[in-house]
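# how does the following fold in three dimensions:
(one chain, ligands or ions: 1)
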Amino acid sequence: MIKESVFTTDSADEAFHIDAGDYFIGTVKAGSTFRIVDLEGNQAADTLFYNANKPAERYSATDTIREQGNVYLTAGSAIRSNENNVMLDIVADTCGRHDTLGGACATESNTVRYDLEKRCMHACRDSWMLAIAEHPEYGLSKRDISHNINFFMNVPVTQEGGLTFEDGISAPGKYVEMVAKMDLIILISNCPQLNNPCNGYNPTPVDLLVWHP
Ligand SMILES: [Zn+2]
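Model (predicted):
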């Protein structure tokens, strides 16, 4: 569902720029609104959420999909945790569809899907591991790196139930905006993938805007 935000860009309390292939890790308080902006279009923002006060509680695709009866995320979706609590509500979305099923790229999956020589290419899982290694203050370790949301990524389910990685339906300036329902750690890999069309074969930056409660 396409729904515009009630906030103007210049009213944000905080703004972060995530370069192509880089990561973001940070916290927001319950009641905060935050927006991810696909600056140049067809980018994938591979995102993990944790309860900041108890990081073992994290985003769960299973609980989210079951409770809303739909595999795609958009305005009106409630993003749930592995304890079936609502972590975030998506309150605005100008893209219209975000993926819960495709997972993140890793050097291992690049090797299996594409070629042995892709082994050393930069992947989302590397960015997440670098983020938690460079920021031990969040208390996250390798075991916390789990399945994720791919904001702006287009992974339609076929009639036969198959998954396909398709060219993006996002475009420059499209955004998705959420309200945190608990204190959250946000971990984003701005996908560096070059082998499939999840980011148009051309990784580009995204912006993160935060409005305090
Ligand atoms: Zn990736």
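
# which SSE is immediately downstream of whatever helix or strand R66 lives in?
Applying DSSP states H and E as the criterion places R66 in helix 61-68. Downstream of helix 61-68, the next assigned helix or strand under DSSP H and E is strand 78-80.

# so is the one helix or strand in the chain whose mean pLDDT sits lowest next to the ion?
Sorting the helices and strands of the chain by mean pLDDT, DSSP states H and E puts helix 107-113 at the bottom, at a mean of 87. No - Helix 107-113 is not in contact with the ion by CB under 5 Å from the ion; minimum separation 9.1 Å. Every C-beta, even on glycine, is put in place using the N, C-alpha and C of the backbone.

# how near is the residue most central in space within the chain to C120?
Closest residue to the average C-alpha location of the chain: T47 at 2.8 Å, with CA atoms, centre = their mean. The gap separating T47 from C120 is 25 Å, by CB to CB, to the nearest Å.

# related to what we said a few turns ago, what does the helix holding R66 rub up against?
71, 73, 77-82, 84, 100-101, 147, 149 (CB atoms under 8 Å, 6 or more residues apart in numbering).

# again, only this time at 6 Å
V71, S77, I79, R80, N84, T100, H147 (CB atoms under 6 Å, 6 or more residues apart in numbering).

# looking at those, which is nearest A12?
I79 (20.6 Å; CB to CB).

# farthest pair within the contacts of helix 61-68?
Longest span within the contacts of helix 61-68, CB to CB: V71 and N84, 17.3 Å.

# neighbour count winner among these two?
V71 (16 against 12; other CB atoms under 10 Å).

# one step back: PyMOL command to pick out the buried ones of the contacts of helix 61-68?
A single PyMOL command selects the buried members of the contacts of helix 61-68 (16 or more other CB atoms under 10 Å):
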select buried, resi 71+77+79+80+100
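
# elements contacting the least confident helix or strand of the chain?
If contacts are counted by 3 or more CB pairs under 6 Å, 6 or more residues apart in numbering; DSSP states H and E, helix 107-113 sits against no helix or strand.

# what comes up buried for the helix or strand following that helix?
Following helix 107-113 in sequence order, the next helix or strand is helix 124-134 (DSSP H and E). Judged by neighbour count using 16+ other CB under 10 Å, the buried positions of helix 124-134 are C124, R125, D126, S127, W128, M129, A131, I132.

# and for stretch 23-31?
Result for stretch 23-31 [16+ other CB under 10 Å]: buried residues Y23, F24, I25, G26, V28.

# what is the rounded mean pLDDT of it?
Mean per-residue pLDDT for stretch 23-31: 98.

# ok, back up a step: closest to the ion out of the contacts of helix 61-68?
H147 (12.9 Å; CB to the ion).

# helix, strand or coil for the closest one?
coil (DSSP: H, G, I helix; E, B strand; the rest coil).

# ok, it - contacts?
A61, G103.

# what's the pLDDT at it?
At H147, pLDDT is 96.
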